[in-house]
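Undergrad: Using only what follows, build the 3D model:
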Amino acid sequence: MGDWSFLGRLLENAQEHSTVIGKVWLTVLFIFRILVLGAAAEEVWGDEQSDFTCNTQQPGCENVCYDEAFPISHIRFWVLQIIFVSTPTLIYLGHVLHIVRMEEKRREREEEHRKSGRHLEDHDPLYHNGVGDGGGKKEKPPIRDEHGKIRIRGALLRTYIFNIIFKTLFEVGFILGQYFLYGFHLKPLYKCHRWPCPNTVDCFISRPTEKTIFIIFMLVVACVSLVLNLLEIYHLGWKKVKQGLPMNSHPTRSRSCWVQMAVGTQSPSLNTAYWSRRRTMD
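TA: Numbers count the residues shown, from 1 in each chain. Next up is the predicted model:
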């Protein structure tokens, strides 16, 4: 298996621009997937094909039986899973870097405009009367908060939500794919009856119990990652719902408005006409 350091550095940068649950998800990906896969699981599956033996001397029979038992190696399957579930996060990181770069360019333009404005102010008396100061231009809100972190909102928030949704879909797809390919339990004996085997052949898998333990472990880690993705979707959805309820954020103001409408303080002309009519009737 190749070096994971490059992918690790990219995901570490993405961790700085994620929510708390997103940071936990990346920690699970680092420790319980990449490190375990590189340190232990590869050693367990290192002798996978060489120790797959069948009780036949028919040329080619053992190879086709191995291909039937393992359409894709577990190690390569998990590597593909890590790559696929990490790709949406890398796309989100690219969006973050794009926004940061655009913000830097905007600041450079503002600095150049400010310098040119000072030059004109020194030589043009109209600037002292407020002409040419660009005061009518609406200033964009800063992309960073008071702690210097990127604010996840607007287009960046939509990219982050799509990132979580696609990670969830990939997790579900790979869990189902592993189940339909070879299940979650390896049996020591595998019976094969593919051509060119002359009859049903008994094939034996090396270290099936140890491999089954790793399969279950990786399945549990995938389920934990899936639950974290669902929790993050719920967290972001609930947060946006609360932001979309302005009535609840100002209950006192809403109640005072209803009281004012009830006593008619917002329609003084109607009140004057009403009391004038009462005096005429009296």
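
Undergrad: got the buried residues for the host helix or strand of residue 22?
TA: Residue 22 is part of helix 20-29 when elements are defined by DSSP states H and E. Across helix 20-29, burial judged by 16 or more other C-beta atoms under 10 Å covers 21-22, 24-26, 29. No exception for glycine: its C-beta is placed from N, CA and C like everyone else's.

Undergrad: again with stretch 194-213
TA: 197, 201, 203, 205-207, 211-212.

Undergrad: Next: stretch 165-184.
TA: Quick answer for stretch 165-184 (16+ other C-beta under 10 Å): 166-168, 170-171, 174-175, 178, 182.

Undergrad: from these, which is closest to residue 217?
TA: residue 178 (12.6 Å; C-beta to C-beta).

Undergrad: Next up, the contacts around the spatially closest residue to the closest one that is not a sequence neighbour.
TA: Leaving aside its sequence neighbours, residue 178 sits nearest to residue 77 (C-beta to C-beta, 6 or more residues apart in numbering; 6.6 Å). With contact set as C-beta atoms under 8 Å, 6 or more residues apart in numbering, residue 77 has these partners: 174, 177-178, 181.

Undergrad: Does the helix holding residue 22 pack against any helices or strands, and if so which?
TA: Here helix 20-29 touches helix 5-15, helix 74-123, helix 155-182, helix 208-243, going by 3 or more C-beta pairs under 8 Å, 6 or more residues apart in numbering; DSSP states H and E.

Undergrad: Quick check: which of these is nearest to residue 193?
TA: Each of these was scored for nearness to residue 193 using C-beta to C-beta, and the closest is helix 155-182 (17.2 Å).

Undergrad: quick one: average pLDDT of that closest one?
TA: Computed over helix 155-182, the mean pLDDT rounds to 88.

Undergrad: any idea which helix or strand comes after it?
TA: The helix or strand immediately downstream of helix 155-182 is strand 189-192, counting by DSSP H and E.

Undergrad: Could you name the helices and strands sitting against that next one?
TA: Using 3+ C-beta pairs under 8 Å, 6+ apart, strand 189-192 is in contact with helix 61-69, strand 201-204.

Undergrad: Show me what counts as buried in stretch 220-227.
TA: Of the residues in stretch 220-227, 221-222, 225-226 count as buried by neighbour count, 16+ other C-beta under 10 Å.

Undergrad: contacts for it?
TA: With C-beta under 8 Å, 6+ apart, stretch 220-227 has contacts from 25, 28-29, 32-33, 81, 85, 167-168, 171-172, 174-175.

Undergrad: and it, what's its mean pLDDT?
TA: 91.

Undergrad: Any stretches of the chain with poor pLDDT?
TA: 1-18, 41-42, 47, 117-153, 238-282 (pLDDT under 70).

Undergrad: What are the structural domain limits within it?
TA: 5-243, 249-274 (automatic domain parsing).

Undergrad: Rebuild the contacts of stretch 220-227 as a markdown table, extending it with distance to residue 107.
TA: Shown next, in a markdown table, are those (distance: C-beta to C-beta, whole Å):
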| residue | distance to residue 107 |
| --- | --- |
| 25 | 32 |
| 28 | 36 |
| 29 | 34 |
| 32 | 40 |
| 33 | 38 |
| 81 | 40 |
| 85 | 35 |
| 167 | 33 |
| 168 | 36 |
| 171 | 39 |
| 172 | 42 |
| 174 | 42 |
| 175 | 45 |
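
Undergrad: and residue 111, how many neighbours does it have?
TA: 10 (other C-beta atoms under 10 Å).

Undergrad: How much space separates the closest residue to residue 215 other than its chain neighbours from residue 158?
TA: Excluding its sequence neighbours, the residue lying closest to residue 215 (C-beta to C-beta, 6+ apart) is residue 184, at 5.6 Å. Distance of residue 184 to residue 158, computed by C-beta to C-beta, to the nearest Å: 36 Å.

Undergrad: Only C-alpha atoms, please: export stretch 36-51 in PDB.
TA: Extracted in PDB, the C-alpha atoms of stretch 36-51 (Å, rounded to 0.1, in the frame of the first residue of the first chain):
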ATOM      1  CA  VAL A  36      -4.900   0.500  11.300                       C
ATOM      2  CA  LEU A  37      -5.100  -0.300   7.600                       C
ATOM      3  CA  GLY A  38      -1.400   0.600   7.100                       C
ATOM      4  CA  ALA A  39       0.000  -0.900  10.300                       C
ATOM      5  CA  ALA A  40      -1.900  -4.100  10.900                       C
ATOM      6  CA  ALA A  41      -4.500  -5.100   8.200                       C
ATOM      7  CA  GLU A  42      -2.000  -5.200   5.400                       C
ATOM      8  CA  GLU A  43       0.200  -7.700   7.300                       C
ATOM      9  CA  VAL A  44      -2.800 -10.000   7.800                       C
ATOM     10  CA  TRP A  45      -3.700 -10.000   4.100                       C
ATOM     11  CA  GLY A  46      -0.200 -10.100   2.900                       C
ATOM     12  CA  ASP A  47      -0.300 -13.900   2.200                       C
ATOM     13  CA  GLU A  48      -3.900 -13.900   0.900                       C
ATOM     14  CA  GLN A  49      -3.400 -15.400  -2.500                       C
ATOM     15  CA  SER A  50      -0.200 -17.400  -1.800                       C
ATOM     16  CA  ASP A  51      -1.800 -19.300   1.100                       C
END
